[in-house]
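K.L.:
show me how the following folds:
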Amino acid sequence: MHLAKPTIKSLPRRRFLLSGAVILGGLLAADVTLRQPQALSIEKHIVPVAKIPKSKEIRLIQLSDLHLRTSRGYFERVAQVVSRLSPDAIVLTGDYLEQSRNLEGVLKFLRLLHAPAGIFAVQGNWEYWARLEGENLRRQFSRAGVTLLINERRDLKIHGVPLSILGVDYPSPADQVSRLVQGASHRRLNLMLSHVPAFNHELLDKRIDLVLAGHTHGGQVRLPLLPPLYLPRFSGAFVAGFYQAGLVKVPLYVNRGLGTSMLPVRFMCPPEITFFRFVHQLPGHAASQDNPADTSTPSSTAKNPAR
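P.N.:
Numbers count the residues shown, from 1 in each chain. You can find the predicted model right below:
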């Protein structure tokens, strides 16, 4: 059997194709490990609520899932973007730590955040896994000007509007969810913080105006037309964005997070700062509280990459 010898032309072509594949692979690896995990996106939502007077507006930012190993300037940039948005309040929905247990790095970042009405946080699973949870973490966060809520409610006023923040501890146990809901006032704007999006939603009622969660990272790696490759426990069917929770369809929003977990990669799933503007519910938005998954009511969203 006669085998054709490689020609002078075929060898450079094969080397070219192989080199091209190696280069493309290297560029893709750099993109998903270096660029995309820091390609910060600002998700802006307008939420009409009848409890907000016509002349008032509340600006709130949600941050989640830092998994802060080392900042390398990324988290400083996050803080700068948050500052430019001028929120009235900031809420944090868990998973600040990673295997490195870089608590000092987390506190350094938290000290860069400022909001006149305060910064409020709940714990995630990584705080428990890192053994830096509970009263110890509460004291540490207090040093950075952050109020850690462990199955607690904080009442405040923003621009004269009474607001309550209900912080449910990981993994949002049913008895604590029920207690916080039953203690909420119909006359106040009630925001519930839960690290995980999947919990006993049947315990929610119309007193809760919005539930904010994280935990899922939006799937972290998303392939076109396919569901997430992996979601952690207590994610349920919730991945990212707006949903309706429970029999009364309470709006629930899932933040994609700022950091990465397990593998330091993101693909088609950028990290997120969520910016909510709570405004008076107009006549044309009569069904908005019942239908938050419709991006026209109550939420109009703009995605702005933060440079």
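K.L.:
measure stretch 153-168 end to end?
P.N.:
End-to-end span of stretch 153-168 (CA to CA, to the nearest Å): 9 Å.
K.L.:
ok, stretch 206-219 next?
P.N.:
Start-to-end, stretch 206-219 (CA to CA) is 29 Å.
K.L.:
now do stretch 238-254
P.N.:
Counting by CA to CA, you get 7 Å between the two ends of stretch 238-254.
K.L.:
in it, what counts as buried?
P.N.:
Residues 238-245, 249-254 are the ones in stretch 238-254 that count as buried (16 or more other CB atoms under 10 Å). To be clear about C-beta, it is placed using only N, CA and C from the backbone, and glycine gets the same treatment.
K.L.:
so which of the residues you listed would you say is closest to Pro87?
P.N.:
Tyr253 (15.3 Å; CB to CB).
K.L.:
helices or strands up against the strand or helix carrying the closest one?
P.N.:
Using DSSP states H and E, Tyr253 sits within strand 250-254. With contacts taken as 3 or more CB pairs under 8 Å, 6 or more residues apart in numbering; DSSP states H and E, strand 250-254 sits against strand 210-213, strand 241-245.
K.L.:
please redo it, this time with the cut-off set to 10 Å
P.N.:
strand 41-49, strand 189-194, strand 210-213, strand 241-245, strand 272-280 (3 or more CB pairs under 10 Å, 6 or more residues apart in numbering; DSSP states H and E).
K.L.:
list the helices and strands the last one packs on?
P.N.:
Going back to what we said before, that points to strand 272-280. strand 41-49, strand 57-63, helix 74-85, strand 89-93, strand 189-194, strand 210-213, strand 250-254, strand 302-305.
K.L.:
buried residues in it, which are they?
P.N.:
Applying 16+ other CB under 10 Å to strand 272-280 flags Glu272, Ile273, Thr274, Phe275, Phe276, Arg277, Phe278, Val279 as buried.
K.L.:
any chance you could map the strands in the stretch 51-200 of the chain?
P.N.:
Here the stretch 51-200 of the chain has its strands, by DSSP state E, counting those that start in this stretch, at 57-63, 89-93, 119-122, 146-148, 152-158, 161-168, 189-194.
K.L.:
what is the neighbour count of Leu34?
P.N.:
Residues lying near Leu34 (other CB atoms under 10 Å) number 12.
K.L.:
for Ala174, what are its contacts?
P.N.:
Phe199, Asn200, Glu202, Leu203 (CB atoms under 10 Å, 6 or more residues apart in numbering).
K.L.:
ok, now with 6 Å
P.N.:
By CB atoms under 6 Å, 6 or more residues apart in numbering, Ala174 lies in contact with Asn200.
K.L.:
pLDDT wise, what is it at?
P.N.:
Turning to Ala174, the model gives it a pLDDT of 97.
K.L.:
distance check, it against Asn151.
P.N.:
Distance, Ala174 to Asn151, by CB to CB, to the nearest Å: 12 Å.
K.L.:
one step back: same list (the buried residues of stretch 238-254) but as JSON lines, adding pLDDT and distance to Gly219.
P.N.:
Shown next, in JSON lines, are these (pLDDT from 0 to 100; distance: CB to CB, whole Å):
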{"residue": "Phe238", "pLDDT": "98", "distance to Gly219": "11"}
{"residue": "Val239", "pLDDT": "98", "distance to Gly219": "6"}
{"residue": "Ala240", "pLDDT": "98", "distance to Gly219": "7"}
{"residue": "Gly241", "pLDDT": "98", "distance to Gly219": "12"}
{"residue": "Phe242", "pLDDT": "98", "distance to Gly219": "16"}
{"residue": "Tyr243", "pLDDT": "98", "distance to Gly219": "15"}
{"residue": "Gln244", "pLDDT": "97", "distance to Gly219": "20"}
{"residue": "Ala245", "pLDDT": "97", "distance to Gly219": "19"}
{"residue": "Lys249", "pLDDT": "97", "distance to Gly219": "24"}
{"residue": "Val250", "pLDDT": "98", "distance to Gly219": "23"}
{"residue": "Pro251", "pLDDT": "98", "distance to Gly219": "21"}
{"residue": "Leu252", "pLDDT": "98", "distance to Gly219": "17"}
{"residue": "Tyr253", "pLDDT": "98", "distance to Gly219": "16"}
{"residue": "Val254", "pLDDT": "98", "distance to Gly219": "10"}
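K.L.:
closest to Pro53 among these?
P.N.:
The closest of those, once distances to Pro53 are taken by CB to CB, is Pro251, at 19.9 Å.
K.L.:
is that closest one bridged to anything, and to what?
P.N.:
Gln244 (DSSP bridges).
K.L.:
separation between it and Pro173?
P.N.:
As judged by CB to CB, Pro251 and Pro173 stand 22 Å apart.
K.L.:
ditto for Leu132
P.N.:
20 Å.
K.L.:
who has more neighbours out of the two?
P.N.:
Leu132 (17 against 14).
K.L.:
for the more buried one, what are phi and psi?
P.N.:
Leu132 has phi and psi values of phi -130, psi 60 when expressed as degrees, to the nearest 10.
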